[in-house]
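In: Turn this into a structure:
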Amino acid sequence: MSDLATSILIVRHGPGLGRFVRYGERTLDWIRRHDPALAGRILVHETGTGALPTSAAGAGAVVFWLADPLRELYPGCYSEAMEIADLAARRGARVVNPPAALSNTAKSVQARLWDQAGVPCAVARRFADRAELAALLDGMSMPVIVRPDLLHAQQGMRVCCTPAEALAAAQPDPRSPGAVVPFMDSREDYRRRDPESVWAQFYHKKRVYVFGDFVMPVHVFFSASPVVAWAGSTFSRYQGWGSLVQWLAYLRRLDRAALAADISFSRSAAEQPALMRRAASALGLDVVAIDYSTFADGSVVLWEANPHPSIPGWRNTGMPLARWTFPRVQRIYAETAAFFHTLVHDSIGHRRTA
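Out: Model (predicted):
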């Protein structure tokens, strides 16, 4: 087998395109330092920078590190990526996170595909204007979540307690369709079983990464707001206070419990890994971050899949010392490399045992 046939082509956005500059560069730096043999098999092409190099056209696998929904938000990059994917498919190369699948994460499309696959999720329904939203709200229980259909990271998300609030929150621009999602309270069952626990007192959101057949827990955030993100989480109040002040979180019972839960989650085996793999497969994705919540009986609800997540340096992960985030970020890099080894299938390959 030739070196070219066992090489990996990574396609990412070029300058001024996509959401991040030189996406995945920290991961590639880690691979160069820790796995130079694998690094020697990796080629990188950036969209918008010209024709694909002749050598890259023969790669045995193509990995698309592109922002989503790709076709809707970055049509030029989508067109270029489709040409590369078609070439790879004709050659019989492995295609990871194909461009067409990178539009399956629009919230309404994602929900439909998950629902069809039997994946428990809050089913988002798309609307183009307030009239369509009003029709959808008829018969829905309140509260509901109104959000943009195409965006990640809780951008523009609103929890609405009345139809009037939902209509007021709707995005009127027809170029930016919205989605309405039933509200599901992750605290309710915990409040009956263990009302003093951090799970009962706060909303939470967990994140895992799927790397092919492997599922890696990353973090769990807690928040008084039902829209759970780093901003507004129990951890965020210690952000920017210096490296020592983050340890003050241990002085507050619930903050201490949140830290313990976050650290334990990141070090434990994945919850329902078969379900997470099925959720990724239903969207046509091989590598993806999945956000979800759990209920006290062990059941889950999936919120969102993100094949293009931000992976900050460990110092920028928020409370990096108290939360022990260095090994988490290192593991993301290592699991990416391990997944890449499954694509080349030769003497340099190795695989995790977890």
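In: Can you pull the phi/psi pair for R158?
Out: Main-chain torsions, R158, degrees, to the nearest 10: phi -130, psi 140.
In: ok, and the closest non-adjacent residue to it?
Out: Computed as Cβ to Cβ, 6 or more residues apart in numbering, the closest residue to R158 that is not its neighbour in sequence is A169, at 4.1 Å. In this view, the C-beta of every residue, glycine as well, is placed from N, C-alpha and C.
In: Same check on S268?
Out: Spatial nearest neighbour of S268, excluding adjacent residues (Cβ to Cβ, 6+ apart): P217 at 6.2 Å.
In: would that neighbour count as being in a helix?
Out: No - counting by DSSP: H, G, I helix; E, B strand; the rest coil, P217 is not found in a helix; it is strand.
In: so the residue nearest to R158 touches C161, yeah?
Out: No - using Cβ atoms under 8 Å, A169 is not in contact with C161, being 10.9 Å away.
In: Which one's more surrounded, those two?
Out: The neighbour count for A169 versus C161, taken as other Cβ atoms under 10 Å, is higher for A169 (20 against 11).
In: who's in contact with D115?
Out: Listed by Cβ atoms under 8 Å, 6 or more residues apart in numbering, the contact set of D115 reads C121, V123.
In: which residues of this structure fall in helices?
Out: Per DSSP state H, the chain carries helices over the ranges 25-34, 36-39, 70-73, 75-91, 107-116, 130-137, 163-169, 188-193, 198-201, 253-267, 273-282, 326-344.
In: Out of those helices, which is closest to H13?
Out: Closest to H13 of these is helix 75-91 (Cβ to Cβ; 6.0 Å).
In: about what we covered before: who are the neighbours in contact with the residue nearest to R158?
Out: The neighbours of A169, taking Cβ under 8 Å, 6+ apart as the test, are V146, R158, C160.
In: With V329 instead?
Out: Applying Cβ under 8 Å, 6+ apart to V329 gives the contacts I311, P312, G313, W314, T317.
In: Domain-wise, how is the chain divided?
Out: For the chain, automatic domain parsing gives the domain ranges 8-102, 123-182, 188-323.
In: Take the ones you listed and write them to a markdown table, including mean pLDDT and distance to Q116.
Out: Below are the domains of the chain laid out as a markdown table (pLDDT from 0 to 100; distance: least, Cβ to Cβ, whole Å):
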| stretch | mean pLDDT | distance to Q116 |
| --- | --- | --- |
| domain 8-102 | 92 | 15 |
| domain 123-182 | 79 | 11 |
| domain 188-323 | 92 | 7 |
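In: Same list (the ones you listed) but as TSV, adding distance to S108.
Out: Below are those laid out as TSV (distance: least, Cβ to Cβ, whole Å):
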stretch	distance to S108
domain 8-102	11
domain 123-182	4
domain 188-323	12
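In: now for those domains, which one comes closest to A111?
Out: When these are compared by Cβ to Cβ, domain 123-182 sits nearest A111, at 4.2 Å.
In: roughly how far is the closest one from the heart of the chain?
Out: Taking Cα atoms, centre = their mean, to the nearest Å, the mean C-alpha location of domain 123-182 is offset from the chain mean by 21 Å.
In: First-to-last residue distance for that domain?
Out: Using Cα to Cα, to the nearest Å, the end-to-end distance of domain 123-182 comes to 7 Å.
In: and what of stretch 177-187?
Out: Across stretch 177-187, the terminal residues are separated by 30 Å (Cα to Cα).
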